[in-house]
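S.K.: let's see this in three dimensions:
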Amino acid sequence: MYRASCGISMGSESCCAAVNTAPDRFEVVANDAGDRTTATYMALVAGELLFGHSGKNAMVRYPMQTVAHVLPITSPDVVNANTFRVGCEVEVRPGKVEDDEERVVFPSLDVDDEEAVHDAMTILTQFLTRFRSAAVEGACGGASPAAVALAIPRYLSVGPYASVLESAGYSGLLHVMYSDIAAALAYADAVPRSVTSSTDQHSILVADWGAKTLCLSLLRCSGGALDHVTHRVSYQCGGVVIDKEIQNYGAQCFQKKTRMDPRDNARSMRKLLIAAEEKKRALSSTTTSNIEIEAFCEGIDLKEPISRVKLESIIREKDLCGAFDRLLDELMEDAVGLFERDGIPKITRVILAGGTLRIPVLSQYVRGVAQRLPQQQKWTSCVSESVVALDSIASDEVTAVGACVQATAAATRGGRSAPAPPANGTAVADGDLASTRSLATSLYWLTGQPSQVRRASAAAWVTERTNVKLLFPVGVPTPMDVTVELSEPTSAPATLLVLAEVPNVADLAASDIALSAVTRQRLVCPAGVKKLTWILSEDRNSATMHVMTEDAAGKKTLLTRGQPLELSEALTD
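M.R.: Below you'll find the model as predicted:
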């Protein structure tokens, strides 16, 4: 019996899931309320946790007990920057022990227990638990999916969220990835579903326009594997800008008719903001609608027609298309140097993602930008003579479909349990995992001196575990990559040694590890390197590894250009 895999896309305002119930068949699923997207809200009212749209509606009466944006609000950086405003009280506190990172808490969420402090990660875990029962398990026939991939925005770090998935009851292979990578994987025309020749190279521009942010990302596709080049994020032109203008329009219309200003009533304005978002979505598929709210203000109903023409006039007044152009200019100005210096292939595809691009005038504009890109003389080094816009998948569902592609490909390697994340970084699959190869043993990087390694046998060397860092645990599929950020830039050139763990070595101390050489090739890391990226991939029938360095200025150098490290066949199965 085929066991389904699941992809989950989670942004600032909504969550969406897609499942693969048959080979090469990816479907977005509805939750138990029949909606294909679920609002990322949780509310604690009278001791009961309200989830999704129920939690969002609770914000009208209980703003201090409602957590909005349950995913980004877990980031201390997001909270400290006041990027997303929430109604409830939120704080960033030190970790429980000295070495712990800062954590986000809600100190007054429970009005019945003034001393209760709710952790943001716990709230997110509860949300994902409810989402699993409301949408995922039903679509998978009541069973747990074989693999789950969670796609999150580029402005967050993937590090903490794999453990959140596990805590929320998701089993099988668990993976966290960025939403721009997921959007690219959704289209076989952008990223082949099987590993191809390394000569198949191009770049992809992903326009992810969500409720709170506009993110433009450049990705490089080489032989079926994806690599992030650069990105730019704007927090000033998300879809919420339109919501607030529709809210203001409704308030003005009500005031003209009743001589009452609803803007003096915070509860009424919260009702109107929720209705404004609903009308924005409705006008994406119809030309007219009505803003209707019973007992809107002082017991008086609100009923006001609104048209798509009005919606488009708001977009023009707020210059959202101009904001897109300015962000694109910033991205491309930075990218020109990278393309010329690092030999990055030209852009051939533009992918539309994010709920705001469901609005016809905006999606048409971005498609037009794709057509005009080759005509920009200043960007000829970055853009192909022909650029194709990909938007056949609904923009608010494309990242869920791509995450499902990733999860399904990971599950094809035989149903092994999910590998633990590397201790020194987070493994992020920046490409398709349709390969059936996976590591038969763990790979390590020797961070200590070669003199600290001693021979144990003809086939194995021994060193203390503190002298090595785990790069890829046993069982990970190919391709896969991991980035290691060094505490200090390298002061002098040094040889990079990649070693494979040798199991079942007799008389091995608990603090030691037995290793063998992965390759006979010698690789030298130059001075001034701040980050190392290890890329595990395939070239036709053999497993290979590339190593990329990055200095403090952001310059990336592929050390293995033209000559990847060839791994022994014994390392993969």
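S.K.: spit out the contact partners of Lys271.
M.R.: Applying CB atoms under 8 Å, 6 or more residues apart in numbering to Lys271 gives the contacts 60, 293, 296. To be clear about C-beta, it is placed using only N, CA and C from the backbone, and glycine gets the same treatment.
S.K.: pipe the residues you listed into TSV and attach pLDDT, distance to Leu443 and secondary structure per row.
M.R.: Shown next, in TSV, are the contacts of Lys271 (pLDDT from 0 to 100; distance: CB to CB, whole Å; DSSP: H, G, I helix; E, B strand; the rest coil):
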residue	pLDDT	distance to Leu443	secondary structure
Val60	93	53	coil
Ile293	96	59	strand
Phe296	96	62	strand
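S.K.: select from those the one having the most neighbours.
M.R.: Phe296 (26 neighbours; other CB atoms under 10 Å).
S.K.: how near is that residue to Gln255?
M.R.: 12 Å (CB to CB, to the nearest Å).
S.K.: which neighbours do these two have in common?
M.R.: Pro262.
S.K.: of all the contacts of Lys271, which comes closest to Pro493?
M.R.: Val60 (62.4 Å; CB to CB).
S.K.: how about Asp551, what does it touch?
M.R.: So Asp551 contacts 489, 528-530 (CB under 8 Å, 6+ apart).
S.K.: look up phi and psi at it.
M.R.: phi -90, psi -180 (degrees, to the nearest 10).
S.K.: likewise for Gly322?
M.R.: phi -60, psi -40.
S.K.: one step back: Tyr41: which of the contacts of Asp551 is nearest?
M.R.: Out of the contacts of Asp551, the member with the shortest distance to Tyr41 (by CB to CB) is Lys530, at 38.8 Å.
S.K.: can you name every helix or strand that the strand or helix carrying that closest one contacts?
M.R.: Assigned by DSSP states H and E, Lys530 belongs to strand 529-539. In terms of contacts (3 or more CB pairs under 8 Å, 6 or more residues apart in numbering; DSSP states H and E), strand 529-539 is packed against strand 225-234, strand 443-446, strand 468-472, strand 480-485, strand 542-551.
S.K.: now that strand: how far from the chain's centre is it?
M.R.: Centre-to-centre, strand 529-539 and its host chain are 20 Å apart (CA atoms, centre = their mean, to the nearest Å).
S.K.: just want the angle from it to strand 542-551.
M.R.: Angle, strand 529-539 to strand 542-551, by axes from the mean of the first three to the mean of the last three CA atoms, to 10 degrees: 160 degrees.
S.K.: any idea of the mean pLDDT in strand 529-539?
M.R.: Averaged over strand 529-539, pLDDT sits at 76.
S.K.: now swap in stretch 257-267 and tell me
M.R.: 94.
S.K.: quick revisit: just checking: what are the partner strands of the strand holding Lys530?
M.R.: strand 480-485 (antiparallel), strand 542-551 (antiparallel) (DSSP bridges).
S.K.: okay, now stretch 64-80: how far is its last residue from its first?
M.R.: Distance across stretch 64-80, first residue to last, is 19 Å (CA to CA, to the nearest Å).
S.K.: run a quick check on Ala190 versus Leu390, I expect a contact.
M.R.: Yes: in this structure Ala190 lies within contact range of Leu390 using CB atoms under 8 Å: 6.2 Å.
S.K.: so what's in contact with these two at the same time?
M.R.: In contact with both Ala190 and Leu390: 349, 351, using CB under 8 Å, 6+ apart.
S.K.: that older thread, how about the helices and strands packed on strand 529-539 in JSON lines, adding distance to Pro345 and mean pLDDT?
M.R.: Output for the helices and strands packed on strand 529-539, formatted as JSON lines (distance: least, CB to CB, whole Å; pLDDT from 0 to 100):
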{"stretch": "strand 225-234", "distance to Pro345": "10", "mean pLDDT": "88"}
{"stretch": "strand 443-446", "distance to Pro345": "28", "mean pLDDT": "82"}
{"stretch": "strand 468-472", "distance to Pro345": "26", "mean pLDDT": "81"}
{"stretch": "strand 480-485", "distance to Pro345": "18", "mean pLDDT": "77"}
{"stretch": "strand 542-551", "distance to Pro345": "16", "mean pLDDT": "79"}
